[in-house]
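Visitor: What shape does this take:
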Amino acid sequence: MDVRHLSVFVAVAREMSFTRAADSLLLAQSAVSTTVRELERELGVELFDRSHRQIRLTGAGEELLTRAQAVLEQMREIGEAVSSAATELRGAVTMGLMTGVDLVDVPGLLGRYHERHPAVSVQLRATGLGSSGLVAQLERGEIDLALLAVVDALPASLRGEVVAASPYVLVVPGTHRLADAEGVTLAMLEGESFVDLPPGYGSRRIVDDAFAHAGVSRRVLIEVADLSTAAAYVPQGLGLAIVPRFAALAASSGSGRPFADPAPRMPVRIMPLDDAVPAFEVSLAWSRRRPLTAAAQGLVDLLRTELLP
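Guide: Numbering: from 1, shown residues only. Next up is the predicted model:
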């Protein structure tokens, strides 16, 4: 048994799903299942009851979860104490990210961070619940910091700073009745079908709230995993999309899937909205209750320096 086994077990117990645990750890589901099986064989007990549609912890699993969480926290504290004693930054940073949001050049930023602090390892985590899932992970202490979209104010337990923003635009097929309109309001979109993210994602909440404030009903026909993909469905005649401008441009330039199709069914128009739809904002957030490690603080400092005016 090693720390890796315990980390994977705790992730599965937290999510109560091998698939969601694999997504959060950025691992293949088969690797997660194999790791848990190895741990069960070593301990000689079953840790999960797999006889139901939803897996459950067995009595042995519940006992191990309590002890494993304590061990992992102790290992983290030991690592932080040893790292802080060294002159060179060491240790690990876990950062949560939204899927499909390229408004911040995360690979470039992490590349520069690695050049300055090569002894620090950075682990990226994704969540299937969007920004609300990242907020929950920060509050539970599962990640050190996150880049997320905030609609309402962050919980008092978290601190956040807006580091990037992008206005919302409307993406319509070139043959749509509004394709040549000089200005579009939300009222003009009454009765249209849309492609959007699932509820719980920050962007979905922003757009839903804007329609509600305007007193206009909206039907989301298709829910997709990321913003660029939402824009990608428009040329196929599957609905309209209201997405941040960066996502629409990414799709139209070919860095997103869709508009790059060599023979799309129809051209699209990217149009500004006359209504006051709040901009899509990306915030850097971390916990107020838990001091940042030196490695995590170093990453926060770099993000602030490069992203804030």
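Visitor: Where in the protein is the helix or strand with the lowest mean pLDDT?
Guide: helix 245-253 (a mean of 79; mean pLDDT, DSSP states H and E).
Visitor: Could you please name the strands the helix or strand just after that one pairs with and the direction of each pair?
Guide: Proceeding N to C from helix 245-253, the next assigned helix or strand is strand 268-272, under DSSP states H and E. Here strand 268-272 is paired, per DSSP bridges, with strand 168-173 (antiparallel).
Visitor: after the strand it pairs with comes which helix or strand?
Guide: Per DSSP H and E, strand 168-173 leads on to strand 193-196 as the next helix or strand towards the C-terminus.
Visitor: which parts of that following strand are buried?
Guide: Phe194, Val195, Asp196 (16 or more other C-beta atoms under 10 Å). C-beta: built from backbone N, CA, C; applies to glycine.
Visitor: cool, stretch 124-135 as well?
Guide: Quick answer for stretch 124-135 (16+ other C-beta under 10 Å): Arg125, Ala126, Thr127, Gly128, Leu129, Gly130, Ser131, Ser132, Gly133, Leu134, Val135.
Visitor: Find the centremost residue of the chain, please.
Guide: Met98 (2.1 Å; C-alpha atoms, centre = their mean).
Visitor: Contacts only, for that residue.
Guide: Met98 is in contact with Ala126, Gly130, Ser131, Leu134, Leu147, Leu148, Ala149, Tyr201, Gly202, Asp226, Val282, counting by C-beta atoms under 8 Å, 6 or more residues apart in numbering.
Visitor: Which of the residues you listed scores worst on pLDDT?
Guide: Lowest pLDDT among the contacts of Met98: Gly130, with 77.
Visitor: Please determine how far that one is located from Leu145.
Guide: 17 Å (C-beta to C-beta, to the nearest Å).
Visitor: List the pairing partners of the one helix or strand Val162 maps to within its sheet, with orientation.
Guide: Val162 belongs to strand 158-166 when assigned by DSSP H and E. Looking at strand 158-166 with DSSP bridges, its partner strands are strand 280-287 (antiparallel).
Visitor: List phi and psi for Ala149.
Guide: Note on Ala149: backbone dihedrals following degrees, to the nearest 10 are phi -100, psi 130.
Visitor: Phi and psi next, for the residue nearest to the centre of the chain.
Guide: According to degrees, to the nearest 10, Met98 has phi -80, psi 140.
Visitor: Help me confirm that Val184 comes into contact with Leu178.
Guide: Yes: taking C-beta atoms under 8 Å as the definition, Val184 is a contact partner of Leu178 at 5.6 Å.
Visitor: out of these two, which sits in the busier spot?
Guide: Val184 (21 against 16; other C-beta atoms under 10 Å).
Visitor: give me the beta-bridge partners of that one?
Guide: Beta-bridge partners, per DSSP bridges, of Val184: Leu273.
Visitor: quick one, what contacts it?
Guide: Residues in contact with Val184 (C-beta under 8 Å, 6+ apart) are Leu170, Leu178, Met271, Pro272, Leu273, Asp274.
Visitor: what do you get if the cut-off is 6 Å, keeping everything else the same?
Guide: With contacts defined as C-beta atoms under 6 Å, 6 or more residues apart in numbering, Val184 is in contact with Leu170, Leu178, Met271, Leu273.
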